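Undergrad: Coordinates for the following, if possible.
(one chain, ligands or ions: 2)
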Amino acid sequence: MRFSKIFIATLKETPAEAEAISHILMLRAGYVRQLAAGLYIYLPLGLRVIERINKVLREEMNSIGAQEISMPALHPAEVWQETGRWNEIGEEMFRLKDRGSRDMCLGMTHEEIIAWLAAKEIRSYRELPQIWYQIQIKLRDEARPKSGVLRTREFLMKDSYSLDIDEEELEKSYLLHAEAYHKIFSRCGLKYYMVESDPGMMGGAKAHEFMAPSPAGEDKIALCDGCGYAANVELALSVPKKVEIQNWVFEEVYTPEKRTVQEISGFLKIDPEYFIKSILLISDNGPVLSLVRGDQELHEKKLNKIIGKHRQAHKEEVKEILGVEAGFIGPMNHKVRIIADSCLKDGVYVSGANKPQYHVKGIRSGKDFTAEWHDIHIAKEGDFCPKCNASLRIENTIEVGNIFMLGTKYSVPMRAFYLDKNGQEKPIIMGSYGIGPARIAAAAIEQNNDRDGIIWPKSIAPFDVEILPLNMKDSKTVEVAEKLYKLFIDEGIEVLIDDREERAGVKFKDADLIGIPIHIIIGEKNLKEGLIEIKNRRTKEAAKLKIEDAIEKIKSKIKD
Ligand code: ATP
Ligand code: MG
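TA: Ligands and ions are numbered 1, 2, ... in the order given. Model (predicted):
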């Protein structure tokens, strides 16, 4: 491809609206443009990257026996009503009516459609297992589209679905996907972790996410270097640092207008980990008093699994239910259900005194209060691993893919049944597996860039190599450049030639910004000795080589 013919619009200035490095560089290097919030146009370079990622996706999916299909992006409401998700999902779903006033929606994902299809098509165990996939548009009215193509309202997804006769077979399909995902993300040059994750609105038994570390990521994961425990903080367990046992005797202390842990900790000169935070919640089954240590945050999702849907109580409710002013609640002498973080079992603490303007020092579990014990805190840096007790690290990551065991959540309501060997009707056991190609591209940039621009992993770069003829007015330069260009094409190497009548400095700058991994630099001085230069975009190292050796050298560089 010729630079003079392909539309590459690089920008000199950093666009004001962009914060994430991948967003800035994709705009500056001319890969994408934003149409509206969460809606992006892929320019030729951007689309080439996505296509290369999709090629990797197809190869690896095909290699586990998955079959490509294509499903509509526009869905009738009925299928979503049958599984109940029409009502469960809120504003994230784009809904509309067709000309006959029938309810429709734009597909956020395709479990319903797959289950519908399986219900129609699969009769017998002989037709199972199946893995069906597509690389197709998803539409979601995301609350906060952000960071360029990392979170958009319309995006491509490789989504695959496994259909199996039982849980054991599902386990196999799940493992096949995990293996394919490892290959995909490695081939795309990403650093990533596979972590335990929360099945969430997908429902189902087991789920893992593939997370690419990056400061731009919205997900935090907990990692143990000791035993390899890795989990999304959405469900990660952890053992907090133990507190020293204080020899305080039970006493009330006057703490005027000091309500938050921070305020009282400063006032009493006692570290936050010696406090009990008492938070009153209102669940569907009544009030629940939750207790976490002062240096911890209450984990809504963990609590959700124990008490179901809940919200924080209003000030008036606290007064009414506990008979105490918010800010001075303690866990002593209440009739409500109490759920406490397990770490509070040990230690001597400070908490509210259940009396305005007072706290108590010296309370301990067993003696002053009892509770149901659970891990209900958010894991944080410095906590210990729940499996091996080594230190946990917390990293920011981008979720690039995930795998879910769904079980029968969709097949039962959609009546996707099959007849087993004995002629008995059984529900098909499903799995669902997603990858966002745009997130792979952006994560690759997040992990591979320098101050001059993008450094693409070679497998997903828009081109394998860029030829830079420095002086287009020099006929020898042009002749050699054109000759190499044709040779590369004949060899099936994806090549970009910067054939613009621009100064060398401009060409170098654009080449670094765009980030093709190998540059071939053709300058008059070197040519006089029959030499050209080959430069590695990542290391910036350049080496001279004979023109006639160029093809072999590039071929070997692309391979290794
Ligand atoms: P997130 O938690 O980041 O919102 P998700 O759990 O909603 O992601 P899935 O519905 O499981 O994601 O989608 C599968 C894959 O699709 C994700 O792993 C991600 O790579 C991609 N993806 C999801 N939402 C978006 C989005 N808004 N923009 C771009 N890619 C997305
Ligand atoms: Mg989401």
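
Undergrad: so what pLDDT did residue 202 get?
TA: With respect to pLDDT, residue 202 scores 56.

Undergrad: just the one 10 residues further on next, same as before
TA: The confidence metric pLDDT takes the value 98 at residue 212.

Undergrad: and what of residue 559?
TA: pLDDT, residue 559: 75.

Undergrad: That one and ligand 1, how far apart?
TA: The gap separating residue 559 from ligand 1 is 29 Å, by CB to the nearest ligand atom, to the nearest Å. Every C-beta, even on glycine, is put in place using the N, C-alpha and C of the backbone.

Undergrad: I'd like to know how many residues surround residue 50.
TA: Residue 50: 21 surrounding residues under other CB atoms under 10 Å.

Undergrad: Doesn't it lie inside a strand?
TA: No - applying DSSP: H, G, I helix; E, B strand; the rest coil, one finds residue 50 to be helix, outside a strand.

Undergrad: For it, which non-adjacent residue is spatially closest?
TA: residue 437 (5.2 Å; CB to CB, 6 or more residues apart in numbering).

Undergrad: show me the contacts for the one you found.
TA: By CB atoms under 8 Å, 6 or more residues apart in numbering, residue 437 lies in contact with 50, 53, 54, 57, 135, 156, 157, 158.

Undergrad: any idea how far it lies from residue 401?
TA: 10 Å (CB to CB, to the nearest Å).

Undergrad: Now find how far off-centre the least confident helix or strand in the chain by mean pLDDT is within its chain.
TA: Ranked by mean pLDDT, DSSP states H and E, the weakest helix or strand in the chain is helix 550-559, scoring a mean of 84. Relative to its chain's centre, helix 550-559 lies at 35 Å (CA atoms, centre = their mean, to the nearest Å).

Undergrad: Enumerate the positions of that helix that are buried.
TA: Residues 550, 553, 554, 558 are the ones in helix 550-559 that count as buried (16 or more other CB atoms under 10 Å).

Undergrad: show me what contacts residue 176?
TA: Residue 176 sits in contact with 64, 65, 131, where contact means CB under 8 Å, 6+ apart.

Undergrad: What helix or strand is the last one located in?
TA: Going back to what we said before, that points to residue 131. strand 130-139 (DSSP states H and E).

Undergrad: Is there proximity between the following helix or strand past that strand and ligand 1?
TA: Sequence-wise, the next helix or strand downstream of strand 130-139 (DSSP H and E) is strand 154-164. Yes - Strand 154-164 reaches ligand 1 (CB under 6 Å from any ligand atom) through 155, 157.

Undergrad: Tell me what angle strand 154-164 forms with strand 130-139.
TA: Put simply, strand 154-164 runs at 160 degrees to strand 130-139, going by axes from the mean of the first three to the mean of the last three CA atoms, to 10 degrees.

Undergrad: For beta bridges, what are the partners of residue 466?
TA: Per DSSP bridges, the residues bridged to residue 466 are residue 496, residue 519.

Undergrad: Quick one, grab the pLDDT at it.
TA: Taking residue 466 on its own, its pLDDT is 98.

Undergrad: can you give me the strands in the stretch 301-450 of the chain?
TA: In the stretch 301-450 of the chain, the strands defined using DSSP state E, counting those that start in this stretch lie at 310-312, 337-341, 349-352, 358-363, 372-374, 392-407, 417-419, 425-427, 429-435, 449-450.

Undergrad: by contact count, what packs against the first one?
TA: Helices and strands in packing contact with strand 310-312 are listed as strand 276-283; criterion 3 or more CB pairs under 8 Å, 6 or more residues apart in numbering; DSSP states H and E.

Undergrad: same for the strand it packs on, what does it pack against?
TA: Taking 3+ CB pairs under 8 Å, 6+ apart as the contact cut, strand 276-283 packs with strand 286-293, helix 300-307, strand 310-312, helix 315-322, strand 349-352.

Undergrad: how about the residues of the stretch 101-250 of the chain near ligand 1?
TA: 109, 140, 142, 151, 152, 155, 157.

Undergrad: Tell me how many other residues surround the nearest residue to the last one once chain neighbours are set aside.
TA: The one in question is residue 157. Closest residue to residue 157 apart from its sequence neighbours, by CB to CB, 6+ apart: residue 138 at 4.8 Å. Residues contacting residue 138 under the criterion other CB under 10 Å number 19.

Undergrad: residue in the stretch 451-560 of the chain nearest to ligand 1?
TA: residue 460 (14.6 Å; CB to the nearest ligand atom).

Undergrad: what's the distance between the closest residue to ligand 1 within the stretch 151-300 of the chain and residue 32?
TA: Proximity of the stretch 151-300 of the chain to ligand 1 (CB to the nearest ligand atom) peaks at residue 155, 3.7 Å away. As defined by CB to CB, residue 155 lies at a distance of 12 Å from residue 32.

Undergrad: got it, and residue 310?
TA: 41 Å.

Undergrad: neighbour count winner among these two?
TA: residue 32 (24 against 19).

Undergrad: In three-state terms, label residue 34 for me.
TA: Per three-state DSSP, residue 34 ends up strand.

Undergrad: re the thing from before, just tell me which of the strands of the stretch 301-450 of the chain ends up closest to ligand 1.
TA: strand 429-435 (2.7 Å).

Undergrad: Could I have the CA atoms of the closest one written out in CSV?
TA: Below are the C-alpha coordinates for strand 429-435, written out as CSV (Å, rounded to 0.1, in the frame of the first residue of the first chain):
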residue,chain,number,x,y,z
ILE,A,429,-25.8,-27.3,28.7
MET,A,430,-24.4,-24.1,27.4
GLY,A,431,-21.3,-22.0,27.7
SER,A,432,-20.6,-18.5,26.4
TYR,A,433,-17.3,-16.9,25.5
GLY,A,434,-16.5,-13.4,24.4
ILE,A,435,-13.5,-11.4,23.1
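
Undergrad: Pairing partners for it, with directions?
TA: Assessed with DSSP bridges, strand 429-435 is paired to strand 154-164 (antiparallel), strand 392-407 (antiparallel).

Undergrad: For burial, what's the neighbour tally of residue 271?
TA: 13.

Undergrad: Please verify my assumption that it contacts residue 265.
TA: Yes - using CB atoms under 8 Å, residue 271 is in contact with residue 265, at 6.5 Å.
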